[in-house]
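# Show me the folded form of this:
(one chain, ligands or ions: 2)
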Amino acid sequence: MTTRTAGPIISPSILSADFAALGEEVRAVSEAGADWIHLDVMDGHFVPNITFGPDVVKALRPHSAKVFDVHLMIAPADPYLAAFAAAGADAISVHVEAGPHIHRSLQTIRALGKRAGIALNPGTPASAIEPLIDMVDLVLMMTVNPGFGGQNFIPSTLETIARIKAMTAGRDIDIEVDGGITPETVGLAAAAGANAFVAGSAVFKGGPAGYAERIAAIRAGAGGSVAC
Ligand code: DX5
Ligand code: ZN
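Ligands and ions are numbered 1, 2, ... in the order given. Next up, the predicted model:
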């Protein structure tokens, strides 16, 4: 198991990348200072959008040595966990709302040798994940309703983040926020207790020439050093 990285972790979401050039996009954000690469998997059932599956994750793996942070917005998730692990995922997050046997899903992810993440929607209380805390390496707090990039940060999630921070005190658990993260909103999430930050449109909008600058701006907004 990897231990927690000091300083903010920036995880660009390729949901906002150029889908016709995903390999180059993953390479470009990796070289531009991304700490993790966030891969959003959607099934058109748990969320109202469809993206990609394990074969795409596998195809992208040779393009970056960064942590592949796979966010599963699928139900059921269990039948696909082994395939995502084999494809090269380093962390796999499943939604607490996605099925009745979430404890089993987290056990399976750890048994596959991967970092286990529990994701929760903005409307889900922190208490929903409390019984699972010993099972996770990562909490993925959605700060927008999952399904699409480019939405506005939902401020009521800050209180949930603070509760999760208190709940995970003293444990080696990353608290990651996902949705509407910009150089302006990232500081609020960091102050509430998050240490990992997904950003899709705030990194990719405008093209590769600006990736390094935009990642640095998000890092600085989270309280990290601009030099990376
Ligand atoms: C939304 C995804 C996010 C999305 C974030 O369901 O989980 O990772 O890409 O996009 P932005 O940063 O544009 O809100
Ligand atoms: Zn995501």
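# what residues are up against the residue nearest to D178 when sequence neighbours are not counted?
Spatial nearest neighbour of D178, excluding adjacent residues (CB to CB, 6 or more residues apart in numbering): V198 at 4.0 Å. Any C-beta I mention is one placed from the backbone N, CA and C, and that applies to glycine too. Applying CB atoms under 8 Å, 6 or more residues apart in numbering, we find V198 in contact with S11, P12, S13, H38, D69, H71, E176, V177, D178, G179, I181.
# V198 belongs to a strand, doesn't it?
Yes - counting by DSSP: H, G, I helix; E, B strand; the rest coil, V198 is found in a strand.
# what about it, distance to ligand 2?
Plainly put, V198 is 5 Å away from ligand 2 if you go by CB to the ion, to the nearest Å.
# bridging residues for that residue?
Beta bridges link V198 to S11, D178 when assigned by DSSP bridges.
# need the residues of this structure near ligand 1, please.
Residues of the chain lying close to ligand 1 by CB under 6 Å from any ligand atom are 13, 15-16, 38, 40, 71, 144, 146-147, 149-151, 178-181, 198-202.
# run the last query once more with 5 Å
13, 15, 40, 146, 149-150, 178-180, 198-201 (CB under 5 Å from any ligand atom).
# List only those of the residues you listed flagged as buried.
Buried members of the residues of the chain next to ligand 1, scored by 16 or more other CB atoms under 10 Å, are S13, L15, D40, P146, G149, D178, G179, G180, V198, A199, G200, S201.
# And whichever residue of the chain sits closest to ligand 1, how close does it get to S13?
Relative to ligand 1, the nearest point of the chain is G200 (2.9 Å; CB to the nearest ligand atom). From G200 across to S13, the span is 4 Å (CB to CB, to the nearest Å).
# where do the contact lists of the two overlap?
Common neighbours of G200 and S13 (CB under 8 Å, 6+ apart) are H38, D40, G149.
# out of those, which touch ligand 2?
Among those, proximity to ligand 2 is found for D40 (CB under 5 Å from the ion).
# Which of the shared contacts of G200 and S13 sits closest to ligand 2?
D40 (4.3 Å; CB to the ion).
# what mean pLDDT does the strand or helix carrying the closest one have?
Assessed by DSSP states H and E, D40 sits inside strand 36-42. The pLDDT scores in strand 36-42 average 99.
# What is it packed up against?
strand 9-12, helix 22-31, helix 54-60, strand 67-73 (3 or more CB pairs under 8 Å, 6 or more residues apart in numbering; DSSP states H and E).
# how about those, which one is nearest R171?
Closest to R171 of the helices and strands packed on strand 36-42, according to CB to CB: strand 9-12, at 16.3 Å.
# residue contacts, S127?
R163.
# And the one 4 residues further on, by the same measure?
When contacts are counted by CB under 8 Å, 6+ apart, P131 touches H103.
# helix/strand/coil for it?
helix.
# Cool, thanks, talk later.
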